[in-house]
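Colleague: mind looking at a prediction? Sequence and model below.
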Amino acid sequence: MSSTRYDIAIVGGGLVGASLALALADGRRRVCLIERQTVTAPPADDSWDARVYAISPGSRAFLARFDGFHIPGSRRAPVLAMDVRGDRGGRIRFDALEMAADELAVIVENRCLLWSLWRRFDERIERLTGVTPTAVWIEPDAATLELDDGSSLSARLLVAADGANSWLRREAGIEFERLSYHQHGVVANFQCERDHGSVARQWFRHDGVLAWLPLPGNRLSMVWSTDDAHAKALLDMPLPMLSSTVADAGCRVLGGLTALAPAQAFPLALGRASATIGPRLALVGDAAHTVHPLAGQGVNLGFGDARELADLLASHDGDPGDPLLLARYARGRAEDVRAMQSVCHGLQRLFGHPSGTAAVLRNLGLRLVDGMGPLKRGLMQQAFR
């Protein structure tokens, strides 16, 4: 049986995999994208995706390279400030003006951003949709994938962009350490009684971390990272009760809330692949690492992976699976990923600790950082770059 040959084959057509495919679509190499699901149309105007992302300026600049951030103003909302409050009076506020920036981030829905990327695909990127890889063989000169429709392909570089439960990572024998937080992230969208002012709000509470992210039209997206039992209670609530509960948890700073659709939930865990590269293989996005959502940096880390790998490949005219090039990719991403995972994990542990001493220290820390201009600006530059 003959096998179609590619330079690079990307398994997974979500946000990170699609962005990498577009970043590589310069005509120099033959690239294919393998994804079972097909994105065929933008979301309906009256439908709001409960899964949203805070896209950093750096990620937005990366997506703009290939017109991948084509989001109508009616479907995106700027974050001009972020108001973070502790459980005992601690508070810190980040403002775009302090960074001389137009915005800290932009909130967009998963479906809108995915459509914005898929609409840019053309003949330079071959898409194999409706199929799933079933076997992989990695040899010195190339890797071969067998698909469930009986076809096969070979590529000099495989990229695993198939999520936290990556099939390709597992088949390549790369271990994935997963530390469960025994929490779920409960997500839902609401109409606000008062203007949110383009401010993202976050509360570190005794029952988890509650975040309100601004959406267009005076709506907000909620992410409540909370223990499994409380998450189930939130999911079981009738919509009026859920609306009242979420409004009360945020001290009704935006008045009453009206849920736009039932809540959804996803499990939270810290995830680390034992290696982000292998022979003829690179891991990107959640296939390589996952973080707690309290800092909203998961998808930005993934876009950072895509940008790093694309830039290295653009500067290298030879074999895209060259072990030295892949080693440079792994080294280039290690520090940023490790730092963000450490910060998110540390904050989760600090604010999840029940002792009174920990509560005093963490709230004191918030107040101190808020009053220390240089340190605060440094944190802002790291978090919102």
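Modeller: Nice, thanks for sending it over.
Colleague: which secondary structure element contains the residue nearest to the spatial centre of the chain?
Modeller: Nearest to the mean C-alpha position of the chain, by C-alpha atoms, centre = their mean, lies residue 299 at 1.9 Å. Using DSSP states H and E, residue 299 maps to helix 298-314.
Colleague: in that helix, what counts as buried?
Modeller: 298-310, 312-313 (16 or more other C-beta atoms under 10 Å). Where C-beta positions appear, they are placed from N, C-alpha and C, glycine not excepted.
Colleague: repeat for stretch 109-121
Modeller: 109, 110, 111, 112, 113, 114, 115, 116, 117, 118, 120, 121.
Colleague: hmm, residue 19 and the last one touching each other?
Modeller: Translated: residue 121. No - applying C-beta atoms under 8 Å, one finds residue 121 not in contact with residue 19, separated by 11.4 Å.
Colleague: contacting residues around the nearest residue to residue 287 once chain neighbours are set aside?
Modeller: Closest residue in space to residue 287, ignoring its immediate chain neighbours: residue 166 at 3.9 Å, by C-beta to C-beta, 6 or more residues apart in numbering. Under the criterion of C-beta atoms under 8 Å, 6 or more residues apart in numbering, the neighbours of residue 166 are 12, 160, 176, 283, 286, 287.
Colleague: return the subset of the buried residues of stretch 109-121 lying in strands.
Modeller: Among these, the residues falling in strands (DSSP state E) are residue 109.
Colleague: residue 293 contacts residue 225, correct?
Modeller: Yes - counting by C-beta under 8 Å, residue 293 touches residue 225, with 6.2 Å between them.
Colleague: can I get the helix or strand residue 231 falls within in CSV, CA atoms only?
Modeller: Secondary structure assignment for residue 231, by DSSP H and E: helix 228-236. Extracted in CSV, the C-alpha atoms of helix 228-236 (Å, rounded to 0.1, in the frame of the first residue of the first chain):
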residue,chain,number,x,y,z
ASP,A,228,-16.0,18.2,42.9
ALA,A,229,-18.9,18.2,45.3
HIS,A,230,-19.5,21.9,45.0
ALA,A,231,-19.2,21.7,41.3
LYS,A,232,-21.9,19.0,41.1
ALA,A,233,-24.1,21.2,43.3
LEU,A,234,-23.7,24.1,40.9
LEU,A,235,-24.4,22.0,37.9
ASP,A,236,-27.6,20.6,39.5
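Colleague: contacts for it?
Modeller: Contacts of helix 228-236 (C-beta under 8 Å, 6+ apart): 182-184, 186, 207-208, 224, 226, 242, 245, 262-265.
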